[in-house]
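**Q** sequence and predicted model, in that order:
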Amino acid sequence: MIRPSNFSSEYARRLRSIGFLSRPSVRSSVGGLVAFVFYTVVSFLLFAAGHSFRDAYMGIGPDPVIFIWCLNWWPWALAHGINPFITKFVWYPAGANLTWFTSVPAAAFLTLPITLLWGPIVSWNVLSMLAPVLGAISAFLLTLYLTRNTSASLFGGYLFGFSTYESAQLLGHLHLDLVFVPPLLVWISLARLHRRLARRSFIALATPLLLVQLGLSTEVFATSVVFGTATWLVFFMCATIEDRHGLWHLGWEICITMALVGLIASPFLYYVVVGARDLSAVISSPQQYSADLLNYIIPTPVTRLGHSVFADIARRFTGNFSESGAYLGLPLIILLAGGFSTLRQRVPLTILFFLLVICSLGPSLWVNGINTDIWLPWRAISHLPIIRYALPVRFTMFAFLVVSITIALWLADARSVQMRVSRYALATVACLFLLPIRIPWTRLPTVPFFEPGQITRMLPEGDNVIILPFDQTGAGLIWQIESGMYFTQTGGYFGWPPAAFAPDAATIQALVTGIPTTTFANDITAFAVVHHVSDVLAGPGTPPGILAGLDALRWPSRSAGGVRVFQVPDTRKLQYVAVRGDYWSSTRKWNWMGRHITISTHNRAARLLVKGYQPVGNGVKLRVSTNGKVTDFTIEPTGVVTLDLPMNADVSVEASPTFNPNAVIHNGDSRILSVLISLQPL
């Protein structure tokens, strides 16, 4: 048995022999500074040059607005004594649990001075421009520790920080492009393993890093834990008996660190657990957002070179281009082959790389946009709690970290001048193949109505409003920030509506698409009353069909500051029929009912049709209570029951038995369903 002291000295001797423990020099420090400046200049020229950081934001689509709002929310909520984990300023009155959305609290506090001085738009732009830089410099520091070769590490850092994964996520996913923590965690873990850090120092460094990662992305935090464990296992299996001793102790210290992180982050984790109970069924599909096997060799439109040549193939990849960041390119694949075949660390690095690639392909294999239905290992993992919501294509970030380490080690391993020239030339070509496009910027949609000096004359403070254009089609979150959080809103794009809004799916769809439902007057009235809306604000770009539908209501309205304001009348005089409970509405005539619903007929009668459904067996027993009067029905699988509901009635409908479509028709839907209903306001 090897004593710890002997093990440490013997291990250190071996590490010195391959350059792990050579002392950092002034030259290395200068190299780090040069690398940071180089990465910053490259990022600025590629992504930010020629743009105003205050009048526009980097990225396209609705996703950047979520992060801009959250960068403003966290400091604003704490300054006003509001629970920051739960907000009712969006999707009022149900609100949103921000631990289950991409709310980036760590980024909000890291950029607090910028937000206070210039606002969250500037903070977003600074973070977006620095995201590749921070990722690159963290990978540079890791590879410099491993190689003590500045030029090799410069390439290693670039390949991670400016990977196609990073370029794709820069289109609008701040929680996924700020990935500087994983390389730093690997660095300090190696330093601890090599006895360069004491146990207390390791825990003192790892704990805040993990807390920062948790505050940037719960998804990356969870997948870092999973793949960190996998990495430990791979290296443990490949290590000698003596080296396993150090890995074993490192594993225990990481467990201690995780326990400490859990204790410190317990308020945040509490709301994660609470939010899981009410999580909307509308979650991005891991199968849909898996890497296509061809994406590793075929560029997408986020890559400058070759994307137009292969556009027809890339267009067939599943998901979208911001989630197709697996492209390596032929030169980089050749470099990897060289590293995996010659490096002394080739076995664990090769195993880890291919493990990550296989996991990134998801539950079943996609090839050229076709789901082959070939089962892959991630199918087993995807059933575990929390981690099942992770999207496999995003695991390519970890694969690029392995690429970064492998290439840096291989470049540093070149012994002759000729070998160095050829390897560095190929590495340069590989970097050119990954050169990203210039990320588009979106001009800030300012409207005079929402300026702080104007809105106080337009609305009472604290009003709850609907803002049009709605959800992802509009700028409601930006206008709310611009107003100084003056009002709450029923709406606000956060990826998907909270589960409490499932009964309003048809109305929400109409507002988003701009195509009114056939019963739009009833639907928008019920939506406004149920969610305590005071005004509907129709800003520039409101769909004409929705605007015409609002005009037809004849609600009091006025125009001011570029906005039409429709005031919701006294609810006691309004006519509407509202449905709540286990009800999944759509624009179709027939919609799913679950176990129980309630129907309110306010100053309006309605006709309820109930249709049986085959999976529930021989029939459904339906109990209907109308203003306390109970009636029981049995609906056959092909039968229809018609019920006329009087005005001003509270109707309760309860069905039994129910069925789970996941168990009956295997479509992955875990909702409890019973019958189909059609509700027609009269």
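**A** Yep, it's here. Everything quoted here is computed from the prediction, not taken from an experiment. Residues are numbered from 1 along each chain as shown.
**Q** tell me the spacing between the residue lying closest to residue 101 once chain neighbours are set aside and residue 62.
**A** Nearest residue to residue 101, sequence neighbours excluded (CB to CB, 6 or more residues apart in numbering): residue 494, at 5.0 Å. Using the backbone N, CA and C atoms, a C-beta is placed for each residue, glycine as well. Relative to residue 62, residue 494 is positioned 10 Å away (CB to CB, to the nearest Å).
**Q** distance from stretch 669-682 to the middle of the chain?
**A** How far stretch 669-682 lies from its chain's middle: 30 Å, per CA atoms, centre = their mean, to the nearest Å.
**Q** and it, average pLDDT?
**A** For stretch 669-682, mean pLDDT rounds to 86.
**Q** most residues in a single strand of the protein, which one?
**A** For the chain, the longest strand by residue count, based on DSSP state E, is strand 591-602.
**Q** give me the buried positions along stretch 352-369.
**A** Neighbour-count burial for stretch 352-369, counted by 16 or more other CB atoms under 10 Å, picks out 352-353, 355-363, 365-366.
**Q** make a markdown table from the residues you listed and add pLDDT, distance to residue 250 and secondary structure to it.
**A** Shown next, in a markdown table, are the buried residues of stretch 352-369 (pLDDT from 0 to 100; distance: CB to CB, whole Å; DSSP: H, G, I helix; E, B strand; the rest coil):
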| residue | pLDDT | distance to residue 250 | secondary structure |
| --- | --- | --- | --- |
| 352 | 95 | 16 | helix |
| 353 | 96 | 21 | helix |
| 355 | 96 | 20 | helix |
| 356 | 96 | 21 | helix |
| 357 | 96 | 25 | helix |
| 358 | 96 | 25 | helix |
| 359 | 95 | 23 | helix |
| 360 | 95 | 26 | helix |
| 361 | 95 | 30 | coil |
| 362 | 92 | 31 | coil |
| 363 | 93 | 32 | coil |
| 365 | 95 | 35 | strand |
| 366 | 93 | 36 | strand |
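**Q** which stretches of the protein have low pLDDT?
**A** 1-28, 277-283, 616-617, 666-668 (pLDDT under 70).
**Q** show me the domain layout of it.
**A** Here the domain parsing of the chain from automatic domain parsing is 4-433, 448-573, 576-681.
**Q** nearest to residue 441, of these?
**A** Among these, the nearest to residue 441 by CB to CB is domain 4-433 (4.6 Å).
**Q** now the closest one, how far from the chain's geometric center?
**A** 14 Å.
**Q** ok, back up a step: from the buried residues of stretch 352-369, pick the one nearest residue 53.
**A** Closest to residue 53, out of all of those and judged by CB to CB, is residue 360, at 33.6 Å.
**Q** quick check: that closest one vs residue 523, distance?
**A** 42 Å.
**Q** now stretch 507-526, how far from the centre of its chain.
**A** Centroid separation for stretch 507-526 versus its chain: 28 Å, with CA atoms, centre = their mean.
**Q** neighbours of residue 601, how many?
**A** 23 (other CB atoms under 10 Å).
**Q** wait, isn't it in contact with residue 645?
**A** Yes. Counting by CB atoms under 8 Å, residue 601 does reach residue 645; the two are 5.2 Å apart.
**Q** what sits in contact with each of the two?
**A** Shared contacts of residue 601 and residue 645, defined by CB atoms under 8 Å, 6 or more residues apart in numbering, comprise 577, 651.
**Q** quick one, longest helix in this protein?
**A** helix 120-147 (DSSP state H).
**Q** can you count the residues close to residue 178?
**A** Neighbour tally, residue 178, other CB under 10 Å: 26.
**Q** so it sits right up against residue 111, yeah?
**A** No. Assessed by CB under 8 Å, residue 178 is found out of contact with residue 111, at 10.8 Å.
**Q** list residues touching both of the two?
**A** residue 127.
**Q** show me the helices in the stretch 1-150 of the chain, by range?
**A** For the stretch 1-150 of the chain, the helices defined by DSSP state H, counting those that start in this stretch cover 4-17, 26-43, 63-79, 105-110, 112-118, 120-147, 150-161.
**Q** got it, and the stretch 301-450 of the chain?
**A** 311-314, 330-342, 346-360, 378-381, 396-412, 417-433.
**Q** what's the closest of these to residue 498?
**A** Once the helices of the stretch 301-450 of the chain are compared by CB to CB, helix 378-381 is nearest, at 27.2 Å.
**Q** list the contacts of that closest one.
**A** With contact meaning CB under 8 Å, 6+ apart, helix 378-381 is reached by 226, 286, 290, 358, 359, 361, 362, 363, 364, 387, 388, 392.
**Q** go again using 6 Å as the cut-off
**A** Residues outside helix 378-381 that contact it (CB atoms under 6 Å, 6 or more residues apart in numbering) are 359, 362, 363, 392.
**Q** so which of these comes closest to residue 589?
**A** Looking across the contacts of helix 378-381 and measuring by CB to CB, the closest to residue 589 is residue 363, at 34.3 Å.
**Q** now do the phi/psi pair for that closest one.
**A** Dihedral pair for residue 363: phi -70, psi -30, per degrees, to the nearest 10.
**Q** could you give the number of residues near the closest residue to it other than its chain neighbours?
**A** Counting by CB to CB, 6+ apart, residue 379 is the residue found nearest to residue 363 once chain neighbours are left out, at 4.0 Å. By the criterion of other CB under 10 Å, residue 379 has 13 neighbours.
**Q** rewinding a little: and residue 657, which of the helices of the stretch 1-150 of the chain is closest to it?
**A** Comparing the helices of the stretch 1-150 of the chain by CB to CB, helix 63-79 comes nearest, at 40.2 Å.
**Q** tell me the helices and strands packed up against that closest one.
**A** helix 105-110, helix 120-147, helix 476-482 (3 or more CB pairs under 6 Å, 6 or more residues apart in numbering; DSSP states H and E).
**Q** any chance of these in CSV, with mean neighbour count and distance to residue 310 too?
**A** Shown next, in CSV, are those (neighbours: other CB atoms under 10 Å; distance: least, CB to CB, whole Å):
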stretch, mean neighbour count, distance to residue 310
helix 105-110, 21, 34
helix 120-147, 25, 24
helix 476-482, 24, 36
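**Q** and these as TSV, adding distance to residue 591?
**A** Below are the helices and strands packed on helix 63-79 laid out as TSV (distance: least, CB to CB, whole Å):
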stretch	distance to residue 591
helix 105-110	37
helix 120-147	39
helix 476-482	27
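**Q** my guess is residue 637 is in a helix, correct?
**A** No. Counting by DSSP: H, G, I helix; E, B strand; the rest coil, one finds residue 637 to be coil, located in no helix.
**Q** that one: what's it in contact with?
**A** Taking CB under 6 Å, 6+ apart as the test, what residue 637 contacts is 612, 614.
**Q** any idea how far residue 450 is from it?
**A** Residue 637 is 53 Å from residue 450, by CB to CB.
**Q** again, but for residue 640
**A** 49 Å.
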